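Peer 1: Structure of the sequence below:
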Amino acid sequence: MKEFSSDHVMDFWKKEYSSKLNKHSKYNPTQQFHHIANMCAPGKFFYYILNINEISLDYIHPNVEIVMGVKHEEVTMSSLLGLALPKELEIILKKEKIISEFISTFSDHNELLNYKIVYTYKCKGIKGNIQTMMIQTTALSLSETGKIEHFFVIHSDISHLGNVSTDWISFRSLNGKKSYLKIKAHHGRFDPKLANLENFSSTSGLTKRELEIVKLMSQGLSAKAISEKLHISFNTTRTHRQNILSKTNASNTAELIAKCLSEGVL
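Peer 2: Residues are numbered from 1 along each chain as shown. So this is what the prediction gives:
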């Protein structure tokens, strides 16, 4: 049986992305960038800016030490990939092939700036514990020839949500265009017909307040804690929860959170 390692993913990135860039261009994030980034991730998280030219990190958030247990100054893309469970690396490579094909469907890569890519994976975390991580990534900048130069990537620890599936990948539109949700990784290719196959109600109908409550639920907060945080009554929180479950056709909180993850809502 073929053994997969982080080198397989690194080699794929170099072939599909780095080889198509002519020069190295470093991305220097502003303080405003960091303020916005800190608002994007639920729970324990870290984020980085991936420079495609050399598959290097132009910036890595110091939270990586808290979330992954690795020293901030020693982090590389190879070392991060090396934390993924061996059986997950093969799945990650298939997801990366789907991403590459998704990118190739755009003649104008500026359109890619309007999509968020979401998937989950399992890795070795602090003290050797198995953690379930959620990746959210979006293209951050393009070269003069229209090729992607930088990705903004957030890793969030969602282990508290239980046994979340890691066999899917979603492409969530950020500007109202079509999203391609929960494509199974085993396909290893992008095809619009492979997306949105499950029979679920879209979460797009949730209100701003309901989305706020879903995010707090995903962090493991109880109805009482949510009520106190949002300064609303306990009964109002329970009513919101029932409405959310009804709108999303979810039978319980675990199913709701799993659905929101796959649709890129969280």
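Peer 1: And the strands in the stretch 151-266 of the chain?
Peer 2: Under the criterion DSSP state E, counting those that start in this stretch, strands of the stretch 151-266 of the chain are mapped to 168-173, 180-184.
Peer 1: can I get these in JSON lines with mean pLDDT?
Peer 2: What follows is the strands of the stretch 151-266 of the chain, written out as JSON lines (pLDDT from 0 to 100):
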{"stretch": "strand 168-173", "mean pLDDT": "92"}
{"stretch": "strand 180-184", "mean pLDDT": "91"}
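Peer 1: what about the longest strand seen in the chain, average pLDDT?
Peer 2: For the chain, the longest strand by residue count, based on DSSP state E, is strand 130-142. Mean pLDDT, computed over strand 130-142, is 92.
Peer 1: partner strands of it, parallel or antiparallel?
Peer 2: strand 115-124 (antiparallel), strand 148-157 (antiparallel) (DSSP bridges).
Peer 1: And it, what's buried?
Peer 2: Going by neighbour count (16 or more other C-beta atoms under 10 Å), the buried part of strand 130-142 is 131-140, 142. Quick note: C-beta positions are derived from backbone N, CA and C, even for glycine.
Peer 1: hmm, back to that, for S218, which of the strands paired with strand 130-142 is the nearest?
Peer 2: Across those, S218 has its closest neighbour in strand 148-157 (9.3 Å, C-beta to C-beta).
Peer 1: Contacts for that closest one next, please.
Peer 2: Strand 148-157 has contacts (C-beta atoms under 8 Å, 6 or more residues apart in numbering) with 17, 21, 25, 27, 37, 40-53, 58, 67-68, 103, 109, 112, 125, 131-143.
Peer 1: Could you give the separation of that strand from the chain centroid?
Peer 2: Relative to the mean C-alpha coordinate of its chain, strand 148-157 is positioned 8 Å out (C-alpha atoms, centre = their mean, to the nearest Å).
Peer 1: Same question for stretch 188-197.
Peer 2: How far stretch 188-197 lies from its chain's middle: 18 Å, per C-alpha atoms, centre = their mean.
Peer 1: in it, what counts as buried?
Peer 2: For stretch 188-197, burial by neighbour count (16+ other C-beta under 10 Å) applies to 188, 190, 195-196.
Peer 1: Adding pLDDT and distance to K224, write those out as CSV.
Peer 2: Converted to CSV, the buried residues of stretch 188-197 look like this (pLDDT from 0 to 100; distance: C-beta to C-beta, whole Å):
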residue, pLDDT, distance to K224
G188, 93, 45
F190, 95, 43
A195, 89, 38
N196, 81, 36
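Peer 1: Take these and lay them out in CSV including distance to S262.
Peer 2: Listed next are the buried residues of stretch 188-197 as CSV, based on distance: C-beta to C-beta, whole Å:
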residue, distance to S262
G188, 18
F190, 16
A195, 11
N196, 10
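Peer 1: between the residues you listed, which is closest to G176?
Peer 2: G176 lies nearest to N196 out of the buried residues of stretch 188-197, by C-beta to C-beta, at 15.7 Å.
Peer 1: these two touch, right, that closest one and Y180?
Peer 2: Yes. With contact defined as C-beta atoms under 8 Å, N196 counts as touching Y180 (6.9 Å).
Peer 1: Can you tell me, leaving aside adjacent residues, what's nearest to L80?
Peer 2: Leaving aside its sequence neighbours, L80 sits nearest to M68 (C-beta to C-beta, 6 or more residues apart in numbering; 7.4 Å).
Peer 1: any idea how far that neighbour is from Y47?
Peer 2: Counting by C-beta to C-beta, to the nearest Å, the gap from M68 to Y47 is 12 Å.
Peer 1: Same question for K208.
Peer 2: In terms of C-beta to C-beta, K208 sits 24 Å off from Y47.
Peer 1: Comparing those two, which shows the higher neighbour count?
Peer 2: Comparing K208 with Y47 by other C-beta atoms under 10 Å, the one with more neighbours is Y47, at 22 against 7.
Peer 1: Go ahead and confirm K95 touches Y119.
Peer 2: Yes. Assessed by C-beta under 8 Å, K95 is found in contact with Y119 at 5.4 Å.
Peer 1: If anything else comes up later, I'll come back, but that's it for now.
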